[in-house]
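J.: Sharing a model that was predicted from the sequence below.
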Amino acid sequence: MKTKVQAIALLVILPCAAPAAPKDDLVTTFATCAGRFSALMEHQWLMGLDDADRTEARREQMIALLESVMPQGAGRTVLARRIQAKFALSRLLSRVDFGTDPRDSAWAAQRVAVQISACDSLLLG
């Protein structure tokens, strides 16, 4: 009898638990993109590039998306993901502008373009 009750409870709980995975994927995706936009924005400021204000607006849009799907109590985990993504893109940007190997710099520039483009594709406008 106890096994039947557990099996029925499992069948009732499983459909409710399944939708959580896509939300977690969105949290990770939006956190990663927020970190990337932060790195790009800071790099543009440091290099005196004109696009920093536009990147800041994109970053703010991404943060709004992130906050709309972020579960309560996930702040530390989400912040850690943002910082990891920011650091990773910052390293690529440094390779682009300060690298001594032209092929490596070109590769890094292409990776930056792909990663930022992927994040841009999530935003309207």
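T.: Everything's here; your move.
J.: For the rest of this, base every contact and every neighbour count on C-alpha atoms.
T.: Fine.
J.: Contacts only, for Leu79.
T.: Counting by CA atoms under 8 Å, 6 or more residues apart in numbering, Leu79 touches Ala31.
J.: Please name the residues that touch the residue nearest to the spatial centre of the chain.
T.: Taking CA atoms, centre = their mean, the centroid of the chain lies closest to Thr32, which sits 1.5 Å from it. Counting by CA under 8 Å, 6+ apart, Thr32 touches Arg81, Arg82, Gln84, Ala85, Lys86.
J.: quick one: which helix or strand includes it?
T.: Assigned by DSSP states H and E, Thr32 belongs to helix 20-47.
J.: So which bits of that helix are buried?
T.: 26-44 (16 or more other CA atoms under 10 Å).
J.: Output the below-cut-off pLDDT ranges for the protein.
T.: Low-confidence segments of the chain (pLDDT under 70): 1-24.
J.: quick one: the helices in it?
T.: 2-17, 20-47, 52-69, 75-98, 102-120 (DSSP state H).
J.: Could you check the fourth one and say which residues are buried?
T.: It stands for helix 75-98. Applying 16+ other CA under 10 Å to helix 75-98 flags 78, 81-90, 92-93, 95-96 as buried.
J.: quick one, it and helix 52-69 angle?
T.: 150 degrees (axes from the mean of the first three to the mean of the last three CA atoms, to 10 degrees).
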